[in-house]
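J.: need a structure here:
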Amino acid sequence: MMHEPPKLQFATYWENRPILLNYAFRILGSREAAEDVVQEAYIRFSTQDRATEPTHLKAYLFRIVHNLALNSSKRRRYERDQLRRDVPDWGLPAAALTPEDVLLFAEKVRGAMQIVEDLPKEQRQALELHRYSGHSMKEVARRLGVSERKAYRLAQAALATVALQLRGQTQEDPPSE
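T.: Numbers count the residues shown, from 1 in each chain. Modelled structure (predicted):
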């Protein structure tokens, strides 16, 4: 049996590694999955019998990456579909939040609530009726005694104010270490 010298195998792999990663990424859509596939390809490439291998090492390496990436993609799709079939959405595990994430979220909610509280009365009422209570703009207008167009403008102005002030708070926050 004829084997390529290990140095030639590694050189071929190392020289083409960035291209192989990009190639696998285009198939898989994930850098981590692409890295796994390329590493697995090198293991297979360096340990397989070369007696039946094509003479072009680079093409052979690309074929291994291609096949592994397609297999991985099919397996992930199958597993995802199986999970969807077997487990209802509410049964899937939620992302685990750290205590710091919970605290930051609570602070942002408090900040947003304060911004809404500080809005002009008509804007706050329009926002609360439409967004929180689910009333249509026609119902909001009727309750506030304004035109439907004005009710829409009030709610939009309230949303814009809240969004801008929240964005300003986020930019002013000191970077966490």
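
J.: every contact and neighbour count from this point should use C-alpha atoms.
T.: Will do.

J.: for this protein, just list every one of the helices.
T.: 6-28, 31-47, 57-86, 99-117, 121-127, 137-144, 148-172 (DSSP state H).

J.: dihedrals phi and psi, the residue nearest the centre of the chain?
T.: The centre of the chain sits closest to Ser30, judged by CA atoms, centre = their mean, with a distance of 10.4 Å. Main-chain dihedrals, Ser30, degrees, to the nearest 10: phi -140, psi 130.

J.: dump the residue contacts of it.
T.: If you count contacts by CA atoms under 8 Å, 6 or more residues apart in numbering, Ser30 has none.

J.: ok so, going back, any chance of the helices of the chain in CSV, plus mean neighbour count and mean pLDDT?
T.: CSV is the format used below for these (neighbours: other CA atoms under 10 Å; pLDDT from 0 to 100):
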stretch, mean neighbour count, mean pLDDT
helix 6-28, 16, 85
helix 31-47, 18, 88
helix 57-86, 15, 86
helix 99-117, 13, 89
helix 121-127, 21, 94
helix 137-144, 17, 94
helix 148-172, 16, 86
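
J.: am I right that Gln165 is in contact with Ile115?
T.: Yes. The pair Gln165 and Ile115 qualifies as a contact (CA atoms under 8 Å) at a distance of 7.4 Å.

J.: distance of the residue nearest to Phe45 when sequence neighbours are not counted from Ile27?
T.: Nearest non-adjacent residue to Phe45, counting by CA to CA, 6 or more residues apart in numbering: Leu61, 6.4 Å away. According to CA to CA, to the nearest Å, Leu61 stands 16 Å off from Ile27.

J.: with His56 instead?
T.: Taken as CA to CA, the span from His56 to Ile27 is 23 Å.

J.: also His66?
T.: Using CA to CA, we find His66 at a distance of 8 Å from Ile27.

J.: one more: Ser73?
T.: Going from Ser73 to Ile27 by CA to CA gives 8 Å.

J.: do Asn71 as well
T.: 10 Å.

J.: ok, now Arg85?
T.: Applying CA to CA to Arg85 and Ile27 gives a distance of 25 Å.

J.: quick one, domains of this structure?
T.: Following automatic domain parsing, one finds the domains of the chain at 6-90, 99-172.
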